[in-house]
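K.L.:
Pasting a predicted model and its sequence here:
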Amino acid sequence: MESVKGKYVLIAGATGGIGSQTAKLLAGSGAQVFLTGRNAEKLHTVAEQLSIPQTHTFAADLSVPEQVQQLAQQFFAVFPAIDVLVNASGVGIIKPMDTLSEVEFLRSLNFNLYAPFLLIKNFLPNMKEQKKGLIINIPGVLGKTPMAGAAAYSASKYGLVGMMQSIREELKRTDIRITNLFLGGVDSAFWDTIDLRVQREKMIRAEEAAKAIWFLCQQPASGVVSEMVLQPFNHQAI
């Protein structure tokens, strides 16, 4: 296992349950962590709780190209390089087709597919200069197995998986690694606005999902975990 101590890590979606817990674990292991999220107030709070300097944070809407460019400029103003990019950002819209609006469908694509594209577009060049790095995305199991009502969400996550697989082919001659984490149901704010009967007490806890990401950040130099699937024992509707 490789140590994360001293590594330069960007965590997108740091204000969410999984992102903030991941930041806590990585910072506690000695990583140099930079946080971004859409909500500036929440971002400030997370950084303060983890004793991360506010200069190592930047509030941004990752679906806006100019804001992602500004994020990259701020990141490289404080860190000389990026070793690990953890993308824990995104939105969850679960609705059947007859109630799913065009706006909601495009919102899913913007935050779950276009935003990761912009992140990679702005941070991959530095990894290519170093010829090394690690990119972790979280497509979730709905990026692997469809579910009724998840047309928009699965479309965005299947697209993310396909995009990363194609990028992986471009990077074969480098030591840049790409990992997709397929999480099952996680007890997080994701479910707060979704009208489904689910047993949240039986879901994966956010801190346990974060431990999986922390583990993936320490992959051995001689290999790569291309994907990991982490499911709760039972998170079916009752």
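P.N.:
Yep, that arrived. Computed from a predicted model, the values in this text were never measured in an experiment.
K.L.:
Only C-alpha atoms from now on, for both contacts and neighbour counts.
P.N.:
Will do.
K.L.:
hmm, who's touching the longest strand seen in the chain?
P.N.:
For the chain, the strand that runs over the most residues, judged by DSSP state E, is strand 175-183. Here strand 175-183 makes contact (C-alpha atoms under 8 Å, 6 or more residues apart in numbering) with 127-128, 131-144, 161, 164, 168, 209, 213, 216, 224-231.
K.L.:
Try it again at 6 Å.
P.N.:
For strand 175-183, contacts defined as C-alpha atoms under 6 Å, 6 or more residues apart in numbering pick out 131-141, 226-231.
K.L.:
Please flag which of those residues sit within helices.
P.N.:
Using DSSP state H, no member of the contacts of strand 175-183 falls within helices.
K.L.:
quick one, helices of this protein?
P.N.:
So, for the chain - with DSSP H - the helices run 17-28, 40-49, 65-78, 102-109, 115-130, 151-170, 206-216.
K.L.:
For the closest residue to residue 221 other than its chain neighbours, give me phi and psi.
P.N.:
Computed as C-alpha to C-alpha, 6 or more residues apart in numbering, the closest residue to residue 221 that is not its neighbour in sequence is residue 2, at 6.9 Å. In terms of degrees, to the nearest 10, the main-chain angles of residue 2 are phi -90, psi 140.
K.L.:
number of nearby residues for residue 2?
P.N.:
12 (other C-alpha atoms under 10 Å).
K.L.:
Among the helices of the chain, which comes closest to residue 94?
P.N.:
helix 151-170 (6.7 Å; C-alpha to C-alpha).
K.L.:
Buried residues, the closest one. List them.
P.N.:
For helix 151-170, a neighbour-count test (16 or more other C-alpha atoms under 10 Å) marks 151-161, 164, 168 as buried.
K.L.:
With stretch 104-120 instead?
P.N.:
104-105, 107-120.
K.L.:
Can you tell me what sits against that stretch?
P.N.:
Residues outside stretch 104-120 that contact it (C-alpha under 6 Å, 6+ apart): 62-63, 90, 152, 156, 160.
K.L.:
Just the closest of these to residue 24, please.
P.N.:
For the contacts of stretch 104-120, with residue 24 as the reference and C-alpha to C-alpha as the criterion, the closest is residue 90, at 19.5 Å.
K.L.:
and the closest one, how far is that from residue 122?
P.N.:
Going from residue 90 to residue 122 by C-alpha to C-alpha, to the nearest Å gives 18 Å.
K.L.:
Between these two, point out the one with more neighbours.
P.N.:
Using other C-alpha under 10 Å as the criterion, residue 90 and residue 122 rank with residue 90 on top: 25 against 17.
K.L.:
for that one, what are its contacts?
P.N.:
Each residue near residue 90 by C-alpha under 6 Å, 6+ apart is listed here: 111-112.
K.L.:
Could I get the pLDDT score of it?
P.N.:
pLDDT, residue 90: 90.
K.L.:
Next: residue 234.
P.N.:
So, for residue 234, pLDDT stands at 61.
K.L.:
ok so, going back, can you pull the contacts of the residue nearest to residue 221?
P.N.:
Contacts of residue 2 (C-alpha under 6 Å, 6+ apart): 218-220.
K.L.:
Among those, name the buried ones.
P.N.:
residue 219.
K.L.:
Looking at the contacts of residue 2, spot the one nearest residue 58.
P.N.:
residue 218 (25.0 Å).
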